[in-house]
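Peer 1: what would the 3D arrangement of this be:
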Amino acid sequence: MSHYRYCPRCAKELVERTDPHHEGGRVRLACPDPEAHYVHWDNPLPVVAAIVEYDGRVLLARNAAWPEGRFALITGFLENGETPEEGIAREVFEETSLVVQSAELVGVYEFIRKNELIIAYHVKASGTITLSPELLEYRLVEPANLRPWRAGTGHAVAEWMRRRGLPYEYVDRPGQ
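Peer 2: This is a model prediction of the structure:
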């Protein structure tokens, strides 16, 4: 379950609650005070991801927190008040300084391990690549040389390749 322990309204310690008639019978953390009526839903967070096409190749980047050799798609959390299309354009610009010219939905994918829902796009982008401080390096990969990984955004890469008639083979982790 979640790391939340106290009600944000009254500061009482949250308790596990199951209501077979509501909330699908799921166990949820909730305030014991029925007047406060706070329930921590622990819903997945929406994340946008981009298969960034730049000069006919796909841009993969390495996050500063990742080991050497691990590259993946540009991703980020969707912000309040923005559409997924606006969010992916913002993330691509923030992380690479590239401007998104077009965005096409590839699909929506679960990433249960991180409690995220990934909304993946194929974007065509232009400009000069300048990485944000959270990214250390990037690679430009020919689409036929991409190797999708068996989690989250890797499934979006596989679907994008499949739609283009490109053969693909899964690898164990991003960037292999």
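Peer 1: helix or strand next in line after the longest strand along the chain, which one?
Peer 2: If you go by DSSP state E, the chain has its longest strand at strand 99-111. Sequence-wise, the next helix or strand downstream of strand 99-111 (DSSP states H and E) is strand 116-126.
Peer 1: all strands for the protein, in order.
Peer 2: 15-18, 27-30, 39-40, 45-54, 57-63, 74-77, 99-111, 116-126, 135-141.
Peer 1: mind listing what the first one pairs with, with the direction of each?
Peer 2: It refers to strand 15-18. Taking DSSP bridges as the criterion, strand 15-18 pairs within the sheet with strand 27-30 (antiparallel).
Peer 1: check which residues of the partner strand are buried.
Peer 2: 28-30 (16 or more other C-beta atoms under 10 Å). From N, CA and C alone the C-beta is placed, and that goes for glycine too.
Peer 1: for that strand, which outside residues touch it?
Peer 2: The contact list for strand 27-30, computed with C-beta atoms under 8 Å, 6 or more residues apart in numbering, reads 1-2, 4, 14-18, 38-42.
Peer 1: so who does Val52 touch?
Peer 2: Neighbour list for Val52: 58-59, 73-74, 92, 96, 98, 123, 125 [criterion: C-beta under 8 Å, 6+ apart].
Peer 1: looking at the residue lying farthest from the centre of the chain now. What's its pLDDT?
Peer 2: Using C-alpha atoms, centre = their mean, the residue of the chain lying farthest from its centre is Glu35. It sits 35.8 Å away. Per-residue confidence at Glu35 stands at 76 (pLDDT).
Peer 1: can you list the domains in the protein?
Peer 2: With domains defined by automatic domain parsing, the chain comprises 1-42, 45-163.
Peer 1: related to what we said a few turns ago, and the residue farthest from the centre of the chain, how close does it get to Arg9?
Peer 2: Glu35 sits 9 Å away from Arg9, going by C-beta to C-beta, to the nearest Å.
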